[in-house]
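> structure of the sequence below:
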Amino acid sequence: MALTQRLEFRQSQSLVMTPQLMQAIKLLQLSNLDLTTFVEEELERNPLLERASDEAPVEAQAEAGQFSDHDGEDSGSQGGDDGFSGTADAFEPGQEEWMSKDLGTRAEIEQTLDTGLDNVFSEEPAEAAARNAQDAAPTTYTEWGGGASGDEDYNLEAFVAAETTLSDHLAEQLSVAFTAPAQRMIGQYLIDLVDEAGYLPPDLGQAAERLGASQKDVEDVLAVLQKFDPPGVCARNLSECLAIQLRELDRYDPAMQALVEHLDLLAKRDIASLRKLCGVDDEDIADMIGEIRRLNPKPGMKFGSARLQTMVPDVYVRPGPDGGWHVELNSDTLPRVLVNQTYYSELSKKIGKDGDKSYFTDALQNATWLVRALDQRARTILKVATEIVRQQDGFFTHGVAHLRPLNLKAVADAIQMHESTVSRVTANKYMATNRGTFELKYFFTASIASADGGEAHSAEAVRHHIKQLIDSEEPSAILSDDTIVERLRASGIDIARRTVAKYREAMRIPSSVQRRRDKQSALGNVLSTAMSDRSRNTEPA
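This next block holds a predicted model:
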């Protein structure tokens, strides 16, 4: 076989991941907060991008669209409050005509009014003095709103109290407790390690090595930190936290020490073993457990160590007038940006350098792409959310027990998109419904086969069924995992025992042995309280 060279023409298709395409894919999986941050950075970087305000021109507003869904299809652009721009408040025709009219010279105006301008627009001396005083710069500290004022119109809102964090509270005590710089450095390092609950890491050996101090020096500083307010702070575990608080109350005797060191038995309600270890009777062990319950296991939580970010839904689902569901985007989470074509047109006439022309051409392309990408992102989110509502109609109508099994492929096939696109859209997105606010991924659950060969059940619905069975059990008839399996199969749900145990542990529900101890202990407390109340009522007056 001879080897020869020849020229051939071939036509093929391939997907090229351009930077803009990769950025569009990234926009899909951003949350509303991350998207806002990204758009703000683009506004600072690109001179042709501008934020669409209420004063935006009508031509610019025509490019924006309002996304809502009634019958599972995207509606077109409508007037009013949309996702990308506001409504411009135009002047009335009469006002525009009056403002644009030339009134003439001062003499002509006085002749028209038949009097002097001083008589028409006069200002009283008192009013002039008040206006001058108002325009003058403040000369005292109290005039700036920073000090006390003798007026009755005292504005308390001018004083904003800064929220004290746990770290700041401990740092203030550190500056008083230590004078040596080395001890202050060790103390501040340990304070920086304290979490929001007030706990330190269990192992502080790495802290001593990093600071170049001995383990004894770190332990000495830690002993002082554990005496700070609030009691129990800077502990390394729960037992140490409770021990610190009991020492503060002068209640850390040998019996209480034995109880604190065996909290695992207290969690299991093994009162007999605890009573034997502590060497006390039933009445004393009950009092000791009551004291433990009155302590604070997380002393640092009363300080504002971290701000909680409010969860803002991306999609709203409301009941429709026709019995269906109305799906619409939350316009407050959609960035409002426009391309300033007028500015680009003016610049293109004045720019002479090729480098400047290419910069502004790229800026125009990037700005146009961003507006289109945001529009496509909003439409994709609405399309995916609409299909989820259609698939999970039983959940919105009847509750979690009617949640159907759903996967990404079912939604992707219905809206003719790829599964990866649906996965990115449902990440970090929330839906506000009549039953609460849920992440979009909540509606995608595994399928559990039916015992009678019927329709499969959703894993979330099965978990809800298991929780209902456990919540309704009697203290004298605690359901084991095997019993729960039998009852689920009687309801038409084919599930294994290990799956029931996995779902129960995921919902933080203890085992049947632990639940029996808890409910019998609670029942015993109720009966003892009732007996004591009855004995007090039967005593002679």
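> quick one: low-confidence ranges for the stretch 101-250 of the chain?
Counting by pLDDT under 70, the low-confidence segments of the stretch 101-250 of the chain come to 101-163.
> can you show me the helices along it?
106-113, 117-120, 125-135, 166-177, 181-193, 205-211, 215-225, 238-248 (DSSP state H, counting those that start in this stretch).
> got it, and the stretch 251-400 of the chain?
254-260, 263-267, 271-278, 282-293, 341-350, 354-391, 393-398.
> packing partners for the shortest one?
Other helices and strands packing on helix 263-267, by 3 or more C-beta pairs under 8 Å, 6 or more residues apart in numbering; DSSP states H and E, are helix 238-248, helix 271-278. To be clear about C-beta, it is placed using only N, CA and C from the backbone, and glycine gets the same treatment.
> among the ones you listed, which is nearest Gln376?
helix 238-248 (50.9 Å; C-beta to C-beta).
> quick revisit: of all the helices of the stretch 251-400 of the chain, which one is nearest Cys241?
helix 254-260 (9.5 Å).
> what residues does that closest one touch?
239, 242-243, 246, 252, 266, 274, 277-280, 284-285, 288-289, 291-292 (C-beta atoms under 8 Å, 6 or more residues apart in numbering).
> any quick ChimeraX command for the buried ones out of the residues you listed?
The following ChimeraX selection, which keeps only the buried ones among the contacts of helix 254-260, applies the criterion 16 or more other C-beta atoms under 10 Å:
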select :239,242,243,246,252,266,274,277,278,280,285,288,292
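> distance of Leu33 from Pro299?
Using C-beta to C-beta, to the nearest Å, Leu33 is found at 31 Å from Pro299.
> that older thread, tabulate the helices and strands packed on helix 263-267 (JSON lines), appending distance to Glu261.
Formatted as JSON lines, the helices and strands packed on helix 263-267 follow (distance: least, C-beta to C-beta, whole Å):
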{"stretch": "helix 238-248", "distance to Glu261": "6"}
{"stretch": "helix 271-278", "distance to Glu261": "9"}
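> of all those helices, which one comes closest to Ser447?
Checking these against Ser447 by C-beta to C-beta gives helix 238-248 as the closest, at 40.1 Å.
> tell me which residues are up against the closest one.
So helix 238-248 is contacted by 198-199, 226, 231-233, 235, 252, 256-257, 260-261, 263, 291-292, 295-297, 299 (C-beta under 8 Å, 6+ apart).
> try it again with 6 Å
The contact list for helix 238-248, computed with C-beta atoms under 6 Å, 6 or more residues apart in numbering, reads 226, 231-232, 235, 252, 256, 260, 263, 295.
> got it, and stretch 423-431?
Contact with stretch 423-431 is made by 28-29, 31, 311, 313-315, 380-381, 384, 408, 437-441, as judged by C-beta under 6 Å, 6+ apart.
> min pLDDT across the residues you listed, which one?
Model confidence across the contacts of stretch 423-431 bottoms out at Met311, which has 80.
> bridging residues for the closest residue to that one other than its chain neighbours?
In space, and not counting its chain neighbours, Met311 is closest to Tyr430: 5.9 Å by C-beta to C-beta, 6 or more residues apart in numbering. Note on Tyr430: beta-bridge partners Glu439, judged by DSSP bridges.
> tell me how far Tyr430 lies from Ala24.
Distance from Tyr430 to Ala24, by C-beta to C-beta: 22 Å.
> Asp287 too?
For Asp287, the distance to Ala24 - C-beta to C-beta - is 66 Å.
> more neighbours: the two, which one.
Ala24 (17 against 11; other C-beta atoms under 10 Å).
> just confirm that one contacts Ala373, I think it does.
Yes - when contacts are counted by C-beta atoms under 6 Å, Ala24 is listed as touching Ala373 (4.6 Å).
> what number of residues lie near Val425?
Quick note: Val425 (other C-beta under 10 Å) scores 25 neighbours.
> tell me which helix or strand it sits in.
helix 419-426 (DSSP states H and E).
> poorly predicted segments of the stretch 401-541 of the chain, please.
In the stretch 401-541 of the chain, residues with pLDDT under 70: 451-455, 521-541.
> mind listing the strands for it?
Along the stretch 401-541 of the chain, the stretches classed as strands by DSSP state E, counting those that start in this stretch are 430-433, 436-439, 447-448, 457-458.
> would you tell me which of the ones you listed gets closest to Ile388?
Closest among those, using C-beta to C-beta: strand 430-433, at 7.6 Å.
> picking up where we left off before, who wins for neighbours among the contacts of helix 238-248?
That'd be Gly232 among those, by other C-beta under 10 Å, with 27 neighbours.
> distance of that one from Glu196?
With C-beta to C-beta as the criterion, Gly232 and Glu196 are 14 Å apart.
> closest one to Arg463 among the helices and strands packed on helix 263-267?
Judged by C-beta to C-beta, the one of the helices and strands packed on helix 263-267 that comes nearest to Arg463 is helix 238-248, at 28.8 Å.
> pull the CA atoms of the closest one into CSV?
Output of helix 238-248 as CSV, limited to C-alpha atoms (Å, rounded to 0.1, in the frame of the first residue of the first chain):
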residue,chain,number,x,y,z
LEU,A,238,-19.7,20.5,76.6
SER,A,239,-18.5,18.9,79.8
GLU,A,240,-16.0,21.6,80.4
CYS,A,241,-18.5,24.3,79.6
LEU,A,242,-21.0,23.0,82.2
ALA,A,243,-18.2,22.5,84.7
ILE,A,244,-17.2,26.2,84.4
GLN,A,245,-20.8,27.3,85.0
LEU,A,246,-21.2,25.0,88.0
ARG,A,247,-18.0,26.3,89.5
GLU,A,248,-19.3,29.8,89.1
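> that helix vs helix 282-293, what angle?
100 degrees (axes from the mean of the first three to the mean of the last three C-alpha atoms, to 10 degrees).
> okay, buried residues for stretch 369-385 please.
369-371, 373-375, 377-378, 380-385.
> swap in stretch 464-484?
For stretch 464-484, by 16+ other C-beta under 10 Å, it's 464-466, 469-470, 473, 478-479, 481, 484.
> out of the residues you listed, give me the two with the largest separation.
His464 and Ile478 (19.7 Å).
> redo the strands of the stretch 401-541 of the chain as CSV? Include mean neighbour count.
Formatted as CSV, those follow (neighbours: other C-beta atoms under 10 Å):
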stretch, mean neighbour count
strand 430-433, 20
strand 436-439, 14
strand 447-448, 17
strand 457-458, 25
